[in-house]
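1. Make a model of this:
(one chain, ligands or ions: 2)
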Amino acid sequence: MKRCMTLPAVALLFCFLLGGTGVSLAADSGEERTIPVIEWMCWSCGKRYFTFAPDTLDGKIVQHKDPNFQQSRWLMLKTRSPIKKCEKMFDGSHMFDKKKEFMTSAYVIMEQIDNYVVIKGGSAIKAKINHVWCVGCQKNAYAFAGDDLDLWDKVSTREVTAIFALRSGTKIGACEKLRLPAGEALKPHIFAQKGAVSMSSDAIAQYLGSFLCSN
Ligand SMILES: [Zn+2]
Ligand SMILES: [Zn+2]
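-> Numbers count the residues shown, from 1 in each chain. Ligands and ions are numbered 1, 2, ... in the order given. As a prediction, this is how the structure comes out:
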């Protein structure tokens, strides 16, 4: 544990050790809406999709009218399979209008993940991503900057925090490694930041299995 001593999470860990069963930190900011996304609607079939800003599906761009371009470059976030063809157009190409750009949270993205499109060969998205790791079990993961991974509310040593795997939408299990002095397991993973990274939306799709989020 010695090399963890400089990490803020260790201070948190000491709070657990000294404070018994629970520790009250700053209130959970709840849904941290820190991720700029864009909503698109196809004026032909009416389907709605989302992209991470500034990824664009804008139908006014000439290249975007090409069904082959759409099928080779517009992939679904969850599966990296091509976007479904437009059912209303003879050549299967959607014609997207930008509806709005807004801020959302990773938890909301998780709930609508089947409607998220990424762009193959796209550039870095606006949202920043943190590389994190658990000081207990060394689990490595990614989380969108602003997501507190549920560590800033009243955290109980006996309850697993509400942290979800972004791709599957299922809660991750307890930390297997952290122990209280009496030998009792400290269930929540304690995530510390390794650093911020920039990613394209397609890189997020490729690493999606390592992304975590909290509610
Ligand atoms: Zn369409
Ligand atoms: Zn852990």
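2. what separates Leu180 from Trp133, distance-wise?
-> To Trp133, Leu180 is 21 Å away according to C-beta to C-beta, to the nearest Å. C-betas here are computed from N, CA, C, even on glycine.
3. Which one's more surrounded, these two?
-> Between Leu180 and Trp133, counting by other C-beta atoms under 10 Å, Trp133 is the more crowded of the two (19 against 14).
4. His64: what's it in contact with?
-> Counting by C-beta atoms under 8 Å, 6 or more residues apart in numbering, His64 makes contact with 56-58, 70, 96.
5. does it count as helix, strand or coil?
-> Secondary structure assignment for His64 (DSSP: H, G, I helix; E, B strand; the rest coil): helix.
6. what's the answer for Gly136, then?
-> coil.
7. ok, which residues in this structure are in contact with ligand 2?
-> 134, 136-137, 139, 175, 189 (C-beta under 5 Å from the ion).
8. Turn the residues you listed into a markdown table, columns for neighbour count and pLDDT.
-> Listed next are the residues of the chain next to ligand 2 as a markdown table, based on neighbours: other C-beta atoms under 10 Å; pLDDT from 0 to 100:
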| residue | neighbour count | pLDDT |
| --- | --- | --- |
| Cys134 | 21 | 91 |
| Gly136 | 23 | 87 |
| Cys137 | 14 | 90 |
| Lys139 | 17 | 92 |
| Cys175 | 21 | 85 |
| His189 | 28 | 87 |
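9. now, which of those residues sits nearest Arg33?
-> Arg33 has its nearest neighbour among those in His189, at 23.3 Å by C-beta to C-beta.
10. Hmm, that closest one is touching Ile172, no?
-> Yes - between His189 and Ile172 there is a contact at 7.4 Å, judged by C-beta atoms under 8 Å.
11. Kindly point out which residues are neighbours of both of these two.
-> Taking C-beta under 8 Å, 6+ apart as the criterion, His189 and Ile172 both touch Ile163.
12. Looks to me like Ser72 is in a strand.
-> No - under the criterion used here (three-state DSSP), Ser72 is helix, not part of a strand.
13. got a list of what it touches?
-> Applying C-beta under 8 Å, 6+ apart, the residues near Ser72 are 82, 120.
14. how close does it sit to ligand 1?
-> 17 Å (C-beta to the ion, to the nearest Å).
15. per-residue confidence at that residue?
-> Ser72 carries a pLDDT value of 98.
16. List the backbone torsions phi and psi for the spatially most central residue of the chain.
-> The residue lying closest to the centre of the chain (C-alpha atoms, centre = their mean) is Ala106, at 4.4 Å. Main-chain dihedrals, Ala106, degrees, to the nearest 10: phi -60, psi -30.
17. Which helix or which strand is home to the residue nearest to it when sequence neighbours are not counted?
-> In this structure, Ala106 finds its nearest non-sequential neighbour in Cys213, 3.5 Å apart by C-beta to C-beta, 6 or more residues apart in numbering. In this assignment (DSSP states H and E), Cys213 forms part of strand 212-214.
18. which strands and helices sit next to that strand?
-> Packing partners of strand 212-214 (3 or more C-beta pairs under 8 Å, 6 or more residues apart in numbering; DSSP states H and E): helix 106-111, strand 140-144, strand 163-165.
19. contact partners of that strand?
-> By C-beta under 8 Å, 6+ apart, strand 212-214 touches 105-107, 109-110, 132, 141-144, 147-150, 161-166, 172, 191.
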